[in-house]
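>>> Structure, please.
(chains A and B)
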Amino acid sequence: MIYYLPTIYSNEEGYEHLAELSLATKSLFADRLELNFSRVGFFDANMAAPLGAVLARVADDLNSVEIVDVPSLIERVLRKNRFLTHYHYEPLDDSNRTTMPFRRLQLSDEGLFEEYIKRELRGKGIPRMSEGLGKVFKKKVFEVYQNAVIHSESALGIFVCGQFFPQKRRLDLTITDAGIGIRERVRRFLGVKISSVRAIRWALQEGHTTKKGSQPGGLGLKFLHEFVRLNKGRIQIASRFGFYEFYKGKETLEKMAEDLPGTSVTIEINTGDTAEYCLESEVTPENVF
Amino acid sequence: MTEPIIVRVVDIVGGPICVSAEDGQRLYEKIAPLLREGKKVALSFEQVETLISAFLNAAVGQLYGEFPEERIRELLSVRDMDADDLDVLKRVVENAKVYFKEPKKFDKAWKEEVGDGDEE
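Modelled structure (predicted):
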């Protein structure tokens, strides 16, 4: 089949378009997908992560995937971040080091993710980004990645991609899994048919975790939220029919028109933030337990 | 007073990045048997660079499912920890106490709110 991808921004509409692609290719089996980019006016580089997840599922259904007619400016970005090299394009050198390359990792590849973050964050607003901010950001990214490892059941792995905008002093990083989604996880846990939107709202509450048994949880997303609020950054979560965004103190939670399998979390940080993140604490080793 | 057994977290994890629940579980499996024997344990976070709640939930939070708070306070201590990591540990500990005291309380309230049949 030939599918014409529209413009993809990192927003609700962009995720809806990827959900449409997922739906259109759902029953394609042992066939061919030609993904035509000629109608793509703009493509937010971090969205290569959720697109990669959709295409991985298509390929997993024994289809061949080709990407064609990519407008030259978009092609440059997607060759620089190595997304298109998975589809037989030559890589382009990222001389300005503004990309966080597209990577597909298996759930067990945690060590590789650590290396990726360590290597790729260098030069992305650091040292302009204060050491404290860089450290805190890294922690939040690991929390998100760990959520995917623990909860997603993503047999196709985890997809990461990001972009640094030096002029805007912004760094976007998206972590996507192709797993069961927040809705399914919460449904199994609560035993009720909760909607995607409500499932996301549930998962964002402090102390809420779908982990059962001996290990408590439910702090990772809460910490991420607190950090983004202080940093004046942005969080986006797209999972099945649900889309959540927190930006400039405003939360939106919407139902998407189509079902996007798995979960994508985007963290956008303000790398120009000079706030001190090593706050004075009243917690001491003597009173911590 | 007996000196605690010092458990160096970097040695158990094998590096300075303490981010996975799996590594946290390995640390838990080192600590829990010592506490069961009534031994004092000091967790040293020296050289730890990155520490997150997913790791601490498994390593420390989980202890509250087996040991009373007073027993943990008596036997377990931490050292060489940054202020922000101590903050995270405190949140993990408080969360664990609630989780093991009334794990179903929140869930019941939510079940009532969301109801059934909320299908897409």
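>>> OK, contacts around residue 57?
This is for chain A. The contact partners of residue A:57, taken as Cβ atoms under 8 Å, 6 or more residues apart in numbering or on different chains, are A:22, A:25, A:156, A:178, A:261. The C-beta positions use only the backbone N, C-alpha and C, and glycine is treated the same way.
>>> um, chain B though
By Cβ under 8 Å, 6+ apart, the contact set of residue B:57 is A:215, A:216, A:217, A:219, B:21, B:24, B:92, B:95, B:96.
>>> Which ones among these map onto helices?
The helices in this structure, assigned by DSSP state H, contain B:21, B:24, B:92, B:95, B:96 from the contacts of residue B:57.
>>> quick check: longest strand of chain A.
Ranked by residue count, the top strand of chain A under DSSP state E comes out as strand A:250-270.
>>> elements contacting that one?
Strand A:250-270 makes packing contacts with helix A:12-24, helix A:48-60, helix A:131-151, strand A:170-177, helix A:181-190, helix A:196-203, helix A:220-231, strand A:234-247 when contacts are defined by 3 or more Cβ pairs under 8 Å, 6 or more residues apart in numbering or on different chains; DSSP states H and E.
>>> mind putting the ones you listed in JSON lines, mean pLDDT included?
As requested, those are arranged in JSON lines below (pLDDT from 0 to 100):
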{"stretch": "helix A:12-24", "mean pLDDT": "97"}
{"stretch": "helix A:48-60", "mean pLDDT": "97"}
{"stretch": "helix A:131-151", "mean pLDDT": "86"}
{"stretch": "strand A:170-177", "mean pLDDT": "94"}
{"stretch": "helix A:181-190", "mean pLDDT": "89"}
{"stretch": "helix A:196-203", "mean pLDDT": "91"}
{"stretch": "helix A:220-231", "mean pLDDT": "86"}
{"stretch": "strand A:234-247", "mean pLDDT": "96"}
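>>> Distance to residue A:284 added to those, as a markdown table?
Written out in a markdown table, the entries for the helices and strands packed on strand A:250-270 read as follows (distance: least, Cβ to Cβ, whole Å):
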| stretch | distance to residue A:284 |
| --- | --- |
| helix A:12-24 | 44 |
| helix A:48-60 | 40 |
| helix A:131-151 | 20 |
| strand A:170-177 | 34 |
| helix A:181-190 | 35 |
| helix A:196-203 | 32 |
| helix A:220-231 | 20 |
| strand A:234-247 | 31 |
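>>> Tell me which of the ones you listed sits nearest to residue A:288.
Among the helices and strands packed on strand A:250-270, helix A:220-231 comes nearest to residue A:288, with 16.8 Å by Cβ to Cβ.
>>> can you tell me how far the closest residue to residue A:23 other than its chain neighbours sits from residue A:46?
Distances taken as Cβ to Cβ, 6 or more residues apart in numbering or on different chains put residue A:258 closest to residue A:23, at 5.4 Å, once the chain neighbours are dropped. To residue A:46, residue A:258 is 20 Å away according to Cβ to Cβ, to the nearest Å.
>>> neighbour count winner among these two?
residue A:46 (28 against 16; other Cβ atoms under 10 Å in any protein chain shown).
>>> Tell me which stretches of chain B form strands.
Listed in chain order (using DSSP E), the strands of chain B are B:5-8, B:17-18, B:41-44, B:50-51, B:76-79.
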